[in-house]
Structure formats: C-alpha cells, structure tokens
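mind looking at a prediction? Sequence and model below.
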Amino acid sequence: MKRIAAFMLLVALTLAGAIPVQAQRISPQENARRSQKAAKKQQKMLKKANKKQRKAMRKYEKAQRKATKKANRRYKK
C-alpha cells in the first residue's frame, strides 16, 4: 500500500516537473490583451444591462400613463 502511494507521488511529481516553466507564465503583451478583452466584455455587458433597464423603464412609464388615462376616464363619468 505504501509502495503504491509512493509510486503515485513520484509519478505526479515527474509530470509536474515536465511542464516547462515558460509555458506557465503569461507575457506582458498577453496579459494586456486579456485585460483589454475582459474590459471590452464588461463594457458590452453593461451596455446590454443599461439597454434592458431603459426598456423596462419605458414599459413601466407606458403602463403608468395607461393607468392614469383609465382612472381619468372613470373620474369624468
């Protein structure tokens, strides 16, 4: 049992050491590109959320106008 565990640990350490260190690092250019991409995605999501909010406000205002108009008709009678 101990031999199997030791062997598994040895295999795991060998595989971890086989990965080059440079492959794990991100260059400054790549980091900048990724951050720009993330910022663009965030802006797109905010724009979409704002558009949805404006649409909801217009719908609410329309319902309010309709309710007021209906109430005024009842009041005139």
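Sure, I can see it.

pLDDT value on residue 15, please?
Model confidence at residue 15, expressed as pLDDT, equals 71.

next: the one 3 residues further on.
Model confidence at residue 18, expressed as pLDDT, equals 64.

over to residue 4?
pLDDT, read off for residue 4, is 83.

can you check residue 23 too?
The model reports residue 23 with a pLDDT of 57.

quick one: name whatever helix or strand follows the helix or strand of the chain with the lowest mean pLDDT.
The helix or strand with the lowest mean pLDDT-type score in the chain, counting by mean pLDDT, DSSP states H and E, is helix 21-24 (a mean of 58). Next helix or strand after helix 21-24 toward the C-terminus (DSSP states H and E): helix 28-76.

let me see the mean pLDDT of that following helix.
What helix 28-76 shows for mean pLDDT is 94.

how far does stretch 46-65 sit from the chain's center?
22 Å (C-alpha atoms, centre = their mean, to the nearest Å).

state the distance from residue 14 to residue 37.
Between residue 14 and residue 37 the distance is 35 Å, computed by C-beta to C-beta, to the nearest Å. In this view, the C-beta of every residue, glycine as well, is placed from N, C-alpha and C.

likewise residue 8?
From residue 8 over to residue 37 (counting by C-beta to C-beta), the distance is 39 Å.

one more: residue 56?
29 Å.

contacts for stretch 32-44?
Applying C-beta atoms under 8 Å, 6 or more residues apart in numbering, the external contacts of stretch 32-44 come out as residue 26.

how many other residues sit next to residue 34?
Other residues near residue 34 come to 11 when the count uses other C-beta atoms under 10 Å.

can you give me the neighbour number for residue 35?
Other residues lying near residue 35 total 10 when counted by other C-beta under 10 Å.

an error on my part: the question was meant for residue 51.
10.

how about the one 10 residues further on?
By other C-beta under 10 Å, 10 other residues sit near residue 61.

list the buried residues for stretch 58-77?
Judged by neighbour count (16 or more other C-beta atoms under 10 Å), stretch 58-77 contains no buried residues.

alpha carbons of that stretch, as CSV, please.
Extracted C-alpha coordinates of stretch 58-77, given in CSV (Å, rounded to 0.1, in the frame of the first residue of the first chain):
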residue,chain,number,x,y,z
ARG,A,58,-40.3,52.8,-20.8
LYS,A,59,-42.6,49.8,-20.3
TYR,A,60,-43.3,51.0,-16.7
GLU,A,61,-44.0,54.6,-17.8
LYS,A,62,-46.3,53.4,-20.5
ALA,A,63,-48.3,51.3,-18.0
GLN,A,64,-48.4,54.3,-15.7
ARG,A,65,-49.8,56.6,-18.4
LYS,A,66,-52.3,54.0,-19.4
ALA,A,67,-53.5,53.6,-15.8
THR,A,68,-53.7,57.3,-15.3
LYS,A,69,-55.7,57.7,-18.5
LYS,A,70,-58.1,54.9,-17.4
ALA,A,71,-58.5,56.5,-14.0
ASN,A,72,-59.3,59.9,-15.5
ARG,A,73,-62.0,58.3,-17.7
ARG,A,74,-63.6,56.8,-14.7
TYR,A,75,-63.4,60.1,-12.8
LYS,A,76,-65.1,62.1,-15.6
LYS,A,77,-68.1,59.8,-15.6
